[in-house]
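>>> just a sequence and a predicted model for now, questions to come.
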Amino acid sequence: LPQPARERMGISRSSFHKRRATGGKPKLYRKKRKFELGRQSANTKIGAKRLRTVRVRGGALKYRALRLEAGNFAWGSEGVTRKSRILDVVYN
């Protein structure tokens with residue numbers, strides 16, 4: 001059986017799925033729109049640099065890092081920013 005339009009899978013940044021302060025569910029008055037879309041997370045791994053381009057709103061390009069071995073990291077308390085190699089991930 002085909003699913004109703006509002007139950008099809010898709011990543012959205014809209015707040016249609018949230019309940020009101022009173023606990024009620026809001027009525028859906030439209031389908032998902034292009035400007036509300038969300039995308040899969042990059043889940044970047046450690047390894048040789050591998051990027052994917054993503055076309056975003058306005059026709060600009062963003063780059064998803066699928067693998068990286070270095071990055072620009074800031075050490076806030078010391079006021080220092082350096083390009084560093086990534087050796088290990090302690091937590092994410």
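Looks like it came in fine. In this text the structure is predicted, and so the values were computed from the model without any measurement.
>>> going forward, measure contacts and count neighbours with C-alpha atoms only.
Fine.
>>> from Tyr63, how far out is Arg19?
Per Cα to Cα, to the nearest Å, Arg19 is found 34 Å from Tyr63.
>>> equivalent analysis for Val80, please.
Summarising the geometry, the distance separating Val80 from Tyr63, computed by Cα to Cα, is 25 Å.
>>> wait, a strand at Lys31?
No: in this structure, Lys31 is coil, not part of a strand, as judged by DSSP: H, G, I helix; E, B strand; the rest coil.
>>> relative to Ala48, how far out is it?
Computed with Cα to Cα, the distance linking Lys31 and Ala48 is 40 Å.
>>> again with Ser77
Taken as Cα to Cα, the spacing of Ser77 relative to Ala48 amounts to 30 Å.
>>> and Lys83, by the same measure?
The spacing between Lys83 and Ala48, counted by Cα to Cα, is 16 Å.
>>> again with Lys25
Lys25 sits 47 Å away from Ala48, taking Cα to Cα as the criterion.
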